[in-house]
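**Q** structure here, sequence nowhere to be found:
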């Protein structure tokens, strides 16, 4: 079995993708070559004063037709799914080899019919040598190029000695009449050009491919290290969370008077301790959620009614809005009632984060509007508030991990800076996008507010 896999290949998937892209480019380029060949044929037949015999006339036309036909066939095969990313089956490298062999055969016939060393086309062999060097391993390219050079040299020598017929397409002198030393000198020069082109192109392509493989390995190692780091963080935060939760439980017992009556001053201190401890638990919960989402390689998507998730989340948080005296409105403006393809648990985390953020950063008496709508195959969620807003210069950084807006820090509003980062990661895992706007569509001069716009595809049933 012919093995065309380069020896330094470490990522076969990347190799198949790279060669497939070059195969596609090669097919497109051949259509351009077909058009140029047709133009050449028409020029020689109708506009040039060259003396073209019947065999040349028919041969050049046959090359034009055959090149067009086999390129159409190659195009069909390329898009038909018959090429498999498998070493032992018909793969992109074997497909590339077939393309190159067909082109070189066609080019050799065309060069012979147009004068060999006098042909305007024989330098295209160098182009094909370079293309082959970008796709195939060096040993295969050198074998093919050597075979082409031997055939080309034998044809020129045979024409010089009158063994085979010579064809001309220009006013250059006959090869038969040229000095043999001149022919050999030209052939040696052509050999050097071809082999030097192959050596340079193949070495360059090999070096680039090796560097790309090293880069892919480095990226893979970074991703693996990131996963290990997240696992470590997850384990540490879990350990930290347990004693803090225990402290809150003991503080509750003290506040309730289990050890006896406490004075107002002591109660105030204990309540502050409880609040700070609960904030610490909230921070650990945020870090745990971020770590879990990063460790998720696949999410469990299922056909889900978005309105059910939204209403459940709103019901869990509505008491907080009432306590803060914030007016919350929800509108469903969809033109259809289709499902989304989503992980229900992650969507609940997403919704809880954006609604809780709106509650946290909107002052008493403010407004929060949440609406959903759609457009063709896209589903949208838009949440707007009359909160403190986000400075314009910080909008592009606000969804980064641990980043908090400067005005939020000045207002001494507690937070971890992880909420929107979690939202962004979740929506991107659902092939969606997050956009943050400030001022919001309902903001005012005193409270500019923020609009969080989430977009994702609808569930498309098969």
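**A** Here it is on my side, so go on. All values derive from a computational prediction rather than experimental measurement.

**Q** for this protein, which segments count as helices?
**A** 12-42, 54-79, 92-113, 124-135, 138-160, 180-255, 264-295, 306-323, 344-361, 406-410, 419-429 (DSSP state H).

**Q** can you add mean pLDDT, distance to residue 373 and mean neighbour count and give these back as a markdown table?
**A** C-betas here are computed from N, CA, C, even on glycine. Below are the helices of the chain laid out as a markdown table (pLDDT from 0 to 100; distance: least, Cβ to Cβ, whole Å; neighbours: other Cβ atoms under 10 Å):
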| stretch | mean pLDDT | distance to residue 373 | mean neighbour count |
| --- | --- | --- | --- |
| helix 12-42 | 86 | 37 | 15 |
| helix 54-79 | 92 | 37 | 15 |
| helix 92-113 | 91 | 44 | 19 |
| helix 124-135 | 83 | 49 | 21 |
| helix 138-160 | 90 | 57 | 18 |
| helix 180-255 | 73 | 35 | 14 |
| helix 264-295 | 74 | 26 | 15 |
| helix 306-323 | 82 | 11 | 14 |
| helix 344-361 | 85 | 16 | 20 |
| helix 406-410 | 72 | 29 | 14 |
| helix 419-429 | 84 | 16 | 21 |
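
**Q** for residue 400, which of the ones you listed is the nearest?
**A** Of all the helices of the chain, it is helix 419-429 that lies closest to residue 400, at 6.4 Å by Cβ to Cβ.

**Q** helices or strands up against the closest one?
**A** helix 264-295, helix 344-361, strand 433-437, strand 451-457 (3 or more Cβ pairs under 8 Å, 6 or more residues apart in numbering; DSSP states H and E).

**Q** so which of these comes closest to residue 107?
**A** Between the helices and strands packed on helix 419-429, strand 451-457 lies closest to residue 107; by Cβ to Cβ that is 47.1 Å.

**Q** in a markdown table, list the helices and strands packed on helix 419-429 along with distance to residue 143.
**A** Below are the helices and strands packed on helix 419-429 laid out as a markdown table (distance: least, Cβ to Cβ, whole Å):
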| stretch | distance to residue 143 |
| --- | --- |
| helix 264-295 | 49 |
| helix 344-361 | 54 |
| strand 433-437 | 50 |
| strand 451-457 | 49 |
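
**Q** sorry, back to before: reformat the helices of the chain as a markdown table; add distance to residue 375.
**A** Compiled in a markdown table, the helices of the chain are given as follows (distance: least, Cβ to Cβ, whole Å):
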| stretch | distance to residue 375 |
| --- | --- |
| helix 12-42 | 32 |
| helix 54-79 | 31 |
| helix 92-113 | 38 |
| helix 124-135 | 43 |
| helix 138-160 | 51 |
| helix 180-255 | 35 |
| helix 264-295 | 27 |
| helix 306-323 | 14 |
| helix 344-361 | 19 |
| helix 406-410 | 32 |
| helix 419-429 | 17 |
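
**Q** among those helices, which comes closest to residue 86?
**A** helix 12-42 (8.9 Å).

**Q** what's near enough to touch residue 392?
**A** With contact taken as Cβ atoms under 8 Å, 6 or more residues apart in numbering, residue 392 is in contact with residue 438.

**Q** just to revisit the earlier point, for residue 455, which of the helices of the chain is the nearest?
**A** helix 419-429 (7.9 Å).

**Q** quick check: angle from the closest one to strand 451-457?
**A** If you take axes from the mean of the first three to the mean of the last three Cα atoms, to 10 degrees, helix 419-429 sits at 20 degrees to strand 451-457.

**Q** wait, which of the helices and strands packed on helix 419-429 is closest to residue 82?
**A** Per Cβ to Cβ, nearest to residue 82 of the helices and strands packed on helix 419-429: strand 451-457, 30.1 Å.

**Q** what are the pairing partners of the closest one, and which direction each?
**A** Partners of strand 451-457 in the sheet, by DSSP bridges, are strand 378-385 (antiparallel), strand 433-437 (antiparallel).

**Q** off-centre distance for the last one?
**A** Spelled out, that is strand 433-437. 21 Å (Cα atoms, centre = their mean, to the nearest Å).

**Q** what does that strand contact?
**A** Outside strand 433-437, the residues touching it (Cβ under 8 Å, 6+ apart) are 390, 395, 398-399, 420, 423-424, 427-428, 450-456.

**Q** give me that answer again for 7 Å
**A** 390, 395, 398-399, 423-424, 427, 450-455 (Cβ atoms under 7 Å, 6 or more residues apart in numbering).

**Q** just want the angle from it to helix 344-361.
**A** 10 degrees.

**Q** list the buried residues in strand 433-437.
**A** 434, 436-437 (16 or more other Cβ atoms under 10 Å).

**Q** quick one on the thing from earlier: using a markdown table, lay out the strands paired with strand 451-457 together with distance to residue 105 and mean pLDDT.
**A** Converted to a markdown table, the strands paired with strand 451-457 look like this (distance: least, Cβ to Cβ, whole Å; pLDDT from 0 to 100):
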| stretch | distance to residue 105 | mean pLDDT |
| --- | --- | --- |
| strand 378-385 | 50 | 92 |
| strand 433-437 | 50 | 90 |
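
**Q** which one of those lies nearest to residue 177?
**A** Using Cβ to Cβ, the strands paired with strand 451-457 put strand 433-437 closest to residue 177, at 71.7 Å.

**Q** let me see the domain layout of the protein.
**A** 12-223, 243-295, 302-457 (automatic domain parsing).

**Q** from the middle of its chain, how far away would the second one be?
**A** Between the mean C-alpha location of domain 243-295 and the chain-wide mean there is a distance of 45 Å, by Cα atoms, centre = their mean.

**Q** and what of stretch 167-187?
**A** On Cα atoms, centre = their mean, the centre of stretch 167-187 falls 52 Å from the chain's centre.

**Q** ok, now how distant is residue 71 from residue 393?
**A** Between residue 71 and residue 393 the distance, using Cβ to Cβ, to the nearest Å, works out to 54 Å.

**Q** nope, residue 182 is what I was after
**A** If you go by Cβ to Cβ, the gap between residue 182 and residue 393 works out to 73 Å.

**Q** ditto for residue 131
**A** In terms of Cβ to Cβ, residue 131 sits 49 Å off from residue 393.

**Q** enumerate every residue touching the nearest residue to residue 37 once chain neighbours are set aside.
**A** Once flanking residues are discounted, residue 37 sits nearest to residue 64: 5.0 Å by Cβ to Cβ, 6 or more residues apart in numbering. When the contact criterion is Cβ under 7 Å, 6+ apart, the partners of residue 64 are 34, 37-38, 41.
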